[in-house]
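> fold the following, please.
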Amino acid sequence: MLSITEEEKEELEEISRSEKLRWLAQKRQETYSSLIGDLADSCNFPFLEVLKVKESPTDYLPFRIITEFQILPIEKDGDEGRLPVAVGWYPDAAMEKWIYSISGKRVEWHVADPELINRTIQQRFGVGSASLEDGGLEELGESDVFDEDDEDQNAAVIRFINDIIEQAVRDRATDIHFEPGKDNLQIRYRIDGELVFVTVPDNLVRIKGAIISRIKIMARLNISEKRRPQDGRINYHLGGHDLDIRISTFPTMYGESISMRLLNQKQQPLTLSEIGLLEDDQARVSRVLMRPHGIVLVTGPTGSGKSTTLNAFLRQINAPERRIITVEDPIEYEVEGVNQTQIKPEIGLNFATALRHILRQDPDVIMVGEIRDRETAEIAIRASLTGHMVLSTIHTNDASGAITRLIDMDIEPFLIASAVEQVLAQRLVRRLDPSMSTSANVDNEFLETCLRTLGISITEAAHKSKLLEPKIAGGAQNVGYYGRVGIFEVMTNNDELHELIVKKAPAKELRNMAMRQGMRTLQACGWEQVKLGRTSLSEIMKFSSLGSDQ
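Numbers count the residues shown, from 1 in each chain. Here you go, the predicted model:
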């Protein structure tokens, strides 16, 4: 049975019906699937494994009722005087009253996965359908600009954009892309690193220009400038979320493409374990972080979780006796007790300038969002050599590449060898949803081929029974995966590597030496995550070529 405490009831009131069960599972650290079963038992309603929705749901219930209550009329043999309906959370008397007054039938409740109900509604009607329907767009002509004097269009467009943002937050999207075509406006979310098409209403194309204009107004951009790229930001409040939305516009053949990066200002930084560091790598990193001085670099492409890892480091070493100052672009996490600064290039406050002034603030630990140029690199190295611990990121493909990148910036090799204590290269892979995963059906020959490609001994095929995969492959919203986990290679400086760095040894030689001393490659770390059931073999195979040419 599913019992809800008074404290949980208060918090659940602020959460949409489609998210309540997932929130409860995370809060209680219980499996999502077990709570669905408990909900069905508690309601004493039949549970639906498969959702068979009526061909035309709006013939039975108005669209607004379907979306507001997150319910769907379903196909089921039975009493003609009853309306079978799937629900994902406790129904109340008001819902039954509405359904009876509209349909003239008593409702017959069934419990289904609330996330499945929500996805089905999106796929059938499109995100934001209710907003456009209520806005009376059937009476509006084509619109190229957002007209603040047109109340019908104003209300429809504003509600539609709010619906798109709110659904993105519910789906845990990090980015929203508005991409205008000749006869359409395509919208895509990036969820767990994968681009996902958003089903939108058919009549959306009629006001695509107004939608783009409205976003630009929200970001305080020049709506009349359509030939040049522009950057802006929106502060958006949604329930308990304070979003800092970064906006980028870019002119294309059929209008302006808009990308929105969603940054949740209240999200909590993760621990070393939560970001995915394996136990032995955690120990290596922790030992270095406790040193009084040196540089720790995190490397990887854009979107690989470098900032999240740096903030996990801050959380690890944050203590009252340490003065920690950061300079970031942007500030993605608020860390209590840490002095955080955002760069402002428009007034000359860049990484190098901020870092130079931070040294006068008597810090113990300095976090620099990114080393982009020689000046920043030189100041960071000088800071480490004068008794400060410096944490930063740099864009390279692997750990050894960070050293050669610094040499390319004309930093003296002996300074690099003396200052850099550790380099982590990382990538993010989708994390399997425990409630939506099953034992992997992998052919022995295929598994051995994968292991060879990853550079791993085929004796590891003995762990085949531990492999998991999503119950449902693919899916409109990455069904079977929930969140992401990091894979890492951790290169710790020592006497042998110090000597190679001073000699300007190539990245391949540095990499081989680090591996001989126990560094686990990205591929090998990925395989360990597969064995732990955190991700699937297919996810790790995406990175099979990393480092192969080193």
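> need the helices for the stretch 251-400 of the chain, in chain order.
Listed in chain order, the helices of the stretch 251-400 of the chain (DSSP state H, counting those that start in this stretch) span 279-289, 306-317, 351-358, 374-385, 399-408.
> and Arg261, which of those helices is closest to it?
Checking these against Arg261 by CB to CB gives helix 306-317 as the closest, at 12.0 Å. Every residue, glycine included, has its C-beta placed from N, CA and C.
> just want the angle from the closest one to helix 279-289.
Computed with axes from the mean of the first three to the mean of the last three CA atoms, to 10 degrees, the direction of helix 306-317 lies at 70 degrees from that of helix 279-289.
> looking at this structure, which helix is longest?
helix 151-170 (DSSP state H).
> packing partners for that helix?
Secondary-structure packing of helix 151-170 (3 or more CB pairs under 8 Å, 6 or more residues apart in numbering; DSSP states H and E): helix 129-134, strand 173-180, helix 208-218, strand 230-238, strand 241-252, strand 255-264.
> and the ones you listed, which is most packed in?
Of all the helices and strands packed on helix 151-170, helix 208-218 has the most neighbours on average by mean count of other CB atoms under 10 Å, namely a mean of 22.
> can you show me the CA trace of it as PDB?
Coordinates of each C-alpha in helix 208-218 appear next as PDB, following Å, rounded to 0.1, in the frame of the first residue of the first chain:
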ATOM      1  CA  LYS A 208       6.300  30.600 -35.900                       C
ATOM      2  CA  GLY A 209       7.600  34.100 -36.400                       C
ATOM      3  CA  ALA A 210       5.600  35.300 -33.400                       C
ATOM      4  CA  ILE A 211       7.000  32.600 -31.300                       C
ATOM      5  CA  ILE A 212      10.600  33.500 -32.200                       C
ATOM      6  CA  SER A 213       9.900  37.200 -31.600                       C
ATOM      7  CA  ARG A 214       8.400  36.500 -28.200                       C
ATOM      8  CA  ILE A 215      11.400  34.500 -27.100                       C
ATOM      9  CA  LYS A 216      13.700  37.400 -28.200                       C
ATOM     10  CA  ILE A 217      11.500  39.900 -26.200                       C
ATOM     11  CA  MET A 218      11.800  37.700 -23.100                       C
END
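> related to what we said a few turns ago, the helices of the stretch 251-400 of the chain into TSV, with extra columns for mean neighbour count?
As requested, these are arranged in TSV below (neighbours: other CB atoms under 10 Å):
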stretch	mean neighbour count
helix 279-289	16
helix 306-317	22
helix 351-358	20
helix 374-385	20
helix 399-408	23
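> ok, now which ones touch the closest residue in space to Ser16 that isn't next to it in sequence?
Spatial nearest neighbour of Ser16, excluding adjacent residues (CB to CB, 6 or more residues apart in numbering): Arg170 at 6.5 Å. By CB atoms under 8 Å, 6 or more residues apart in numbering, the contact set of Arg170 is Ser16, Ser18, Glu19, Asn118.
> quick one on the thing from earlier: tabulate the helices of the stretch 251-400 of the chain (a markdown table), appending mean pLDDT.
Formatted as a markdown table, the helices of the stretch 251-400 of the chain follow (pLDDT from 0 to 100):
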| stretch | mean pLDDT |
| --- | --- |
| helix 279-289 | 96 |
| helix 306-317 | 93 |
| helix 351-358 | 92 |
| helix 374-385 | 95 |
| helix 399-408 | 96 |
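> make CSV from those and add distance to Lys503 to it.
Formatted as CSV, these follow (distance: least, CB to CB, whole Å):
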stretch, distance to Lys503
helix 279-289, 23
helix 306-317, 28
helix 351-358, 29
helix 374-385, 18
helix 399-408, 11
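> of those helices, which is nearest Glu460?
With respect to Glu460, and counting by CB to CB, the nearest of the helices of the stretch 251-400 of the chain is helix 279-289 at 17.0 Å.
> so what secondary structure elements neighbour that closest one?
strand 294-299, helix 306-317, strand 420-432, strand 481-492.
> need these in TSV (columns: distance to Met367).
Compiled in TSV, the helices and strands packed on helix 279-289 are given as follows (distance: least, CB to CB, whole Å):
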stretch	distance to Met367
strand 294-299	10
helix 306-317	6
strand 420-432	14
strand 481-492	18
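> how about stretch 196-206: buried residues?
Val196, Val198, Thr199, Val200, Pro201, Leu204, Val205, Arg206 (16 or more other CB atoms under 10 Å).
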